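Colleague: Mind looking at a prediction? Sequence and model below.
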Amino acid sequence: MSKSRKVTPPVTDVPSDAAIYARDLNFTYNAKSDFAKHALVDINLTVNKGEFVAVVGHTGSGKTTFVQHLNALIRVQSGFLSVLGNDLSVKKPDLKALRREVGMVFQYPEYQLFADTVLEDVCFGLKNFGIDKDKREQMAKDALELVGLDYEQIKSKSPFDLSGGEKRRVALAGVLAMKPHILVMDEPTAGLDPRGKSEVLDLVGKLNRDEGVTVIMVSHDMNEVYENADRVLVFREGNLAYDMAPRDLFRMEEEIRSMNLEVPAMAAFCNELERQGYPLPDSCRTVDDVFAAVLKFKETRDV
Amino acid sequence: MFRDVTFGQYYPADSFVHRMDARVKLVLTLLFMVGIFFVQSFAVFGFVTVFLLAVILISRVPLRSILKSVKGIVVLLIFTAILNVFFTKGAEGEQPLWSWWKIEIYVLGLKNAAKIFLRLVYLVIGSCVLTLTTTPVDLTHAVESLLKPLRVIKFPVHEFALIMSLTLSFIPSLIDETDRIIRAQKARGADFDTGGLVKRAKAFVPILIPLLVGGFRRAEELANAMNSRCYEGATKRTCMRVMKLTWRDYVASLIVAAFFAGVFLLYGMADKWGGIIWLYY
């Protein structure tokens, strides 16, 4: 591994509807030492605006390294990366503009709360991005209501007095208040009860559908990936192993298991139905979808 | 950002020094640290250098990782050396080597600076050899074992050792957590690198508070975990690995003791043997 940056020809043809555009993206931890670890190897991908993309992979597969690139928390070592038209492979990208447009929700985001009141905490990001005071409150209010909290009741409470689920929502509101165009989330549902999980996923789905927010979600829960994402990126040892629609991906049960990933229950069920001769449309991912499809199939056969 | 604070961390290897009893290593290191202050001449510093290099060679720790830890105190080293150069007055009637306005540099000042520099470097290297070849667990056991006599005056030796080992084991996870919080606040537009002193200090509040809260959370979780396993401190606890002296420890002790007996002897005899110029500089 050479220490110098690989020379990449300037990429000018970034598609205009691409939210994320990566070409030959490489990243190595401890590049100079004997413990060098290639976290990303020649990643090439394009995510279009408005997509809901899940990122999966075993621990240490490079998925977290990849998503941290999107916010320039990790800087491009070699290759080309453009996020919403911002070229991140240059030496000094405009971080403020980028970070305002790319909201990042970390694992256990409630551990980043710090302010005296919920309102102050949600306003932290808005303040950093230089939004006027009177405007800030309105945006914070919108965000808190969006995550399903009662603004008047909660705004002057200390974030440390809230319950675990409420803390998570306040932290989410702190990111959503900035109205990001891309929302990057690292296991947003980890440690939540089933109801909390589905509330977070519903909220994200709504943002994606109604507001056109591009969603990048890292997840270990294949069921949640299967039911929510339009597209799945599978990372394996720093490589982008698969990049396809969830229905196509989870048809390959053997390959999925060989990467130590689980086959979602619904996918296994759909696969079995298909083997039994039921034709299912590719959009078939939830119980309701399957139910409708099977009913329709029966009708056509009965007629 | 904080990844490089890890100097002096245990370097796993199988060597004579690694296999020595941690208590012996601790005592010998202390002896070395005291002994280094009795070294007066550059000739003896030469002997100490050879001795240290031999120990490092035997320990199979790469010289690079030892020098890395010296890098951590480089500022302190330069600072003390410079102070010594400028503030040491030469002997009565001695001509300064170089002078400008009120600043005078004497040969003695240069020599003193060099000696202090060497002493500090050797102190750091000596303690690094200890921590690089001894796991934190062994080290705390050694401290506990060596402090045992203090029980007579009701000093809570075991608790002290426990606090020490918990502190050591929390450092990596706190570094990780700091890293994570910094990233999270950066993602929300926090800026730690621009602005005046006050602004920069204020910028650290969003890091420190979650870090403190997290620290208390971890402490409470650990306390609960210990309580639920009926942890009771010093009462009738035994160790899984009982420390025992072996031939290595006797050999090493003898050699080190003999070496520093020589150093002390030279120190004591310096006046008498003043004529032997290469020993007493």
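Modeller: Nice, I can see it.
Colleague: So for the closest residue to chain A within the stretch 51-200 of chain B, what's the nearest residue that isn't a sequence neighbour?
Modeller: Here the stretch 51-200 of chain B gets closest to chain A at one residue, B:Gly189, 3.2 Å apart by Cβ to the nearest Cβ. All C-beta atoms are positioned from the backbone trio N, CA, C, and that covers glycine. Nearest non-adjacent residue to B:Gly189, counting by Cβ to Cβ, 6 or more residues apart in numbering or on different chains: A:Asn128, 3.2 Å away.
Colleague: So, low pLDDT: which residues of the chain?
Modeller: Unless you meant another one, I'm taking chain A. Within chain A, the segments meeting pLDDT under 70 span A:1-12, A:33-35, A:303.
Colleague: that answer is for a different chain, and I need it for chain B
Modeller: Ranges of chain B meeting pLDDT under 70: B:1-8, B:90-94, B:102, B:234-235, B:270-281.
Colleague: what does it put close to chain A?
Modeller: B:177, B:180-181, B:183-191, B:205-207, B:209-210, B:213-214 (Cβ under 8 Å from any Cβ of the partner chain).
Colleague: filter the residues you listed to the buried ones?
Modeller: Neighbour counting by 16 or more other Cβ atoms under 10 Å in any protein chain shown classes B:177, B:180-181, B:183-190, B:206-207, B:209-210, B:214 among the residues of chain B next to chain A as buried.
Colleague: got the domain boundaries for chain B?
Modeller: B:8-142+B:243-269, B:171-228 (automatic domain parsing).
Colleague: so which of the ones you listed gets nearest A:Thr64?
Modeller: Distance to A:Thr64, taken as Cβ to Cβ, is lowest for domain B:171-228 among those, at 10.5 Å.
Colleague: ok, now how distant is the closest residue to chain B within the stretch 101-250 of chain A from A:Val53?
Modeller: Of all residues in the stretch 101-250 of chain A, the one sitting closest to chain B is A:Asn128 (3.2 Å; Cβ to the nearest Cβ). Per Cβ to Cβ, to the nearest Å, A:Asn128 is found 27 Å from A:Val53.
Colleague: Could you do A:Pro246 as well?
Modeller: Relative to A:Val53, and taking Cβ to Cβ, A:Pro246 is found at 10 Å.
Colleague: Spell out which parts of chain A neighbour chain B.
Modeller: A:68, A:71, A:73, A:96, A:99-100, A:103-104, A:106-107, A:109, A:111-115, A:124-125, A:128-129, A:160, A:174-175, A:178.
Colleague: Pull out the buried members of the residues you listed.
Modeller: By 16+ other Cβ under 10 Å, the residues of chain A next to chain B give A:68, A:71, A:73, A:99-100, A:103-104, A:106, A:109, A:111-115, A:124-125, A:128-129, A:174-175, A:178 as buried.
Colleague: Keep only those of the residues of chain B next to chain A that are in helices.
Modeller: B:177, B:180-181, B:183-187, B:205-207, B:209-210, B:213-214 (DSSP state H).
Colleague: Which one of these is nearest to A:Asp17?
Modeller: B:Ala187 (24.6 Å).
Colleague: So what sits opposite the residue nearest to the closest one when sequence neighbours are not counted in the bridge?
Modeller: Among residues not flanking B:Ala187 along the chain, A:Met104 sits closest, at 3.8 Å (Cβ to Cβ, 6+ apart). Counting by DSSP bridges, A:Met104 is bridged to A:Val184.
Colleague: Tell me which residues touch A:Met104, please.
Modeller: A:67-68, A:70-71, A:73, A:175, A:184-186, B:184, B:187 (Cβ atoms under 8 Å, 6 or more residues apart in numbering or on different chains).
Colleague: One more pass at 7 Å, please.
Modeller: A:71, A:175, A:184, B:187 (Cβ atoms under 7 Å, 6 or more residues apart in numbering or on different chains).
Colleague: same thing with A:Asn48?
Modeller: Taking Cβ under 7 Å, 6+ apart, we find A:Asn48 in contact with A:17-19.
Colleague: make it 6 Å
Modeller: A:Asp17 (Cβ atoms under 6 Å, 6 or more residues apart in numbering or on different chains).
Colleague: is it in a bridge, and if so with what?
Modeller: A:Ala18.
Colleague: And the one 5 residues further on, by the same measure?
Modeller: According to DSSP bridges, the partner residues bridging A:Val53 are A:Ile216, A:Arg231.
Colleague: mind listing which of the residues of chain A next to chain B are in strands?
Modeller: Counted as lying in strands by DSSP state E, out of the residues of chain A next to chain B, are A:103-104.
Colleague: A:Pro180 - how many residues pack around it?
Modeller: Using other Cβ atoms under 10 Å in any protein chain shown, A:Pro180 has 23 neighbouring residues.
Colleague: Just say helix, strand or coil for it.
Modeller: State at A:Pro180, reduced to three classes by DSSP: H, G, I helix; E, B strand; the rest coil: coil.
Colleague: and if you look at A:Tyr21?
Modeller: When classified by three-state DSSP, A:Tyr21 comes out as strand.
Colleague: need the helices for the stretch 1-150 of chain A, in chain order.
Modeller: A:63-69, A:95-101, A:118-128, A:133-146 (DSSP state H, counting those that start in this stretch).
Colleague: scratch that, the stretch 151-300 of chain A
Modeller: Going by DSSP H, counting those that start in this stretch, the stretch 151-300 of chain A shows helices at A:151-154, A:164-176, A:194-210, A:222-228, A:246-249, A:253-258, A:265-275, A:287-302.
Colleague: could those be laid out in CSV, adding distance to A:Lys133?
Modeller: CSV is the format used below for the helices of the stretch 151-300 of chain A (distance: least, Cβ to Cβ, whole Å):
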stretch, distance to A:Lys133
helix A:151-154, 17
helix A:164-176, 17
helix A:194-210, 26
helix A:222-228, 36
helix A:246-249, 44
helix A:253-258, 50
helix A:265-275, 47
helix A:287-302, 46
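Colleague: re the thing from before, which one of the buried ones among the residues of chain B next to chain A is nearest B:Phe86?
Modeller: Taking Cβ to Cβ as the measure, B:Phe86 lies nearest B:Ile207 of these, at 39.1 Å.
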